[in-house]
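Asker: A structural model of the following input is requested.
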Amino acid sequence: MLTCKDINEMAGDYLSGDLTVMKRISFKLHLMVCKHCNRYVSQLKIALASLKRMSGHSDSGELCSEEEVNKTLQFIRDNREK
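Answerer: Coordinates of the predicted model:
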């Protein structure tokens, strides 16, 4: 079984779908038994989704408006694991 350190190192590949089938199964098994890693990966998913929502501004060099920041914060709150 994978360790928490393994999960930390593999999280990016997991979220981008770059793990083999066996590694993905091992990864998911660890998440099923480790609430800390499960929370960590959930937070990474939310952070990535938030960055994607704001990515249109990064190319243009513009700052996000206060309204867009508030929408992103609401998105994070709505998707937070309870």
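Asker: Tell me where this protein has helices.
Answerer: Taking DSSP state H as the criterion, the chain contains helices spanning 4-16, 21-33, 35-60, 66-79.
Asker: In terms of mean pLDDT, which of these ranks lowest?
Answerer: Within these, confidence is poorest for helix 66-79, with a mean of 73 (mean pLDDT).
Asker: Quick check: closest non-adjacent residue to Leu48.
Answerer: The spatially closest residue to Leu48, leaving aside those adjacent along the chain, is Leu15, at 6.4 Å (Cβ to Cβ, 6 or more residues apart in numbering). Just so you know, the C-beta spots here come from the backbone N, C-alpha and C atoms, and that holds for glycine as well.
Asker: correct me, but that neighbour touches Ile46?
Answerer: No. Using Cβ atoms under 8 Å, Leu15 is not in contact with Ile46, being 11.1 Å away.
Asker: Between these two, which is the more surrounded one?
Answerer: Here Leu15 and Ile46 are set side by side on neighbour count (other Cβ atoms under 10 Å), and the busier one is Ile46, at 17 against 13.
Asker: What is the neighbour count of Arg24?
Answerer: Summarising burial for Arg24: neighbours were counted as other Cβ under 10 Å, giving 15.
Asker: All set now, cheers.
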